[in-house]
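# Curious how this folds, go ahead:
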Amino acid sequence: MHDQELGGTDNYFHEDMATFGDRLAAARENLGLEQAQLARKLGVKASTIANWEDDRSEPRANRVTTLAGLLGVSIKWLLSGQGDGPVIITDEDSDTADALALMAEMRRIRGQQARLTDQLGVVEKRLRAILG
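The predicted structure is shown next:
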């Protein structure tokens with residue numbers, strides 16, 4: 001099997017060469033998603049995704065977290081090129097593809113969990129303020 005990470009030091013998406021937009025586009029394309037499909041999943045306009053990929057604008061932090069989860073990459077890789085980037089499968093190993101899909105799902109769930117934990121903290125703080 002010949003798997004290779006997009007974040008490796010021998011390719012264009014290395015942290016020293018690529019921008020946030022380059023990494024976002026590469027991770028999206030790796031999953032076979034069109035900009036409009038990713039936009040629907042994220043709840044933004046396709047033009048917003050295009051602007052991010054063209055480095056004309058950047059998403060807010062909560063969107064970066066969601067993007068990382070949806071794309072199956074680490075937040076650190078998406079922002080800096082360091083860490084866990086998408087894995088390209090160069091053969092037709094369905095077990096590997098299934099495992100990678102499950103890993104992406106786990107990352108997505110972790111992102112949701114982090115957002116929910118943040119929301120819970122806000123609610124708890126408001127409750128404490130009310131109860132005083």
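
# Going by C-alpha atoms from here, please, whenever you check contacts or count neighbours.
Noted.

# In the protein, what helix or strand scores lowest on average pLDDT?
Here the helix or strand of the chain ranked lowest by mean pLDDT, DSSP states H and E is strand 3-5, holding a mean of 40.

# what distance separates the lengthiest helix in the chain from the centre of its chain?
Criterion DSSP state H: the longest helix present in the chain is helix 94-131. In terms of C-alpha atoms, centre = their mean, to the nearest Å, the centre of helix 94-131 is found 13 Å from the chain centre.

# okay, and for the chain, where does confidence drop off?
Scanning the chain for pLDDT under 70 picks out 1-16, 87-97, 100.

# One more pass at 90, please.
Applying pLDDT under 90 to the chain flags the ranges 1-19, 26-27, 29-34, 41-42, 61-62, 69-74, 79-121, 132.

# on that earlier part again, quick check: buried residues in the longest helix of the chain?
Leu100, Ala104, Glu105, Arg107, Arg108, Gly111 (16 or more other C-alpha atoms under 10 Å).

# Stretch 28-36 too?
Residues of stretch 28-36 classed as buried by neighbour count (16+ other C-alpha under 10 Å): Arg28, Leu31, Gln35, Ala36.

# do the same with stretch 56-66
Glu58, Val64, Thr65, Thr66.

# next one: stretch 73-91
73-75, 77-89.

# hmm, back to that, filter the buried residues of stretch 56-66 down to just the ones in helices.
Among the buried residues of stretch 56-66, the members falling in helices (DSSP H) are Val64, Thr65, Thr66.

# wait, the first one sits on Ile75?
Yes - with contacts counted by C-alpha atoms under 8 Å, Val64 reaches Ile75, the gap being 6.8 Å.

# follow-up on the earlier one: how about a markdown table for the buried residues of stretch 28-36, with distance to Thr48 and secondary structure added?
Listed next are those as a markdown table, based on distance: C-alpha to C-alpha, whole Å; DSSP: H, G, I helix; E, B strand; the rest coil:
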| residue | distance to Thr48 | secondary structure |
| --- | --- | --- |
| Arg28 | 14 | helix |
| Leu31 | 19 | coil |
| Gln35 | 9 | helix |
| Ala36 | 10 | helix |
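
# Those residues into JSON lines, with extra columns for distance to Lys125?
As requested, the buried residues of stretch 28-36 are arranged in JSON lines below (distance: C-alpha to C-alpha, whole Å):
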{"residue": "Arg28", "distance to Lys125": "36"}
{"residue": "Leu31", "distance to Lys125": "39"}
{"residue": "Gln35", "distance to Lys125": "37"}
{"residue": "Ala36", "distance to Lys125": "37"}
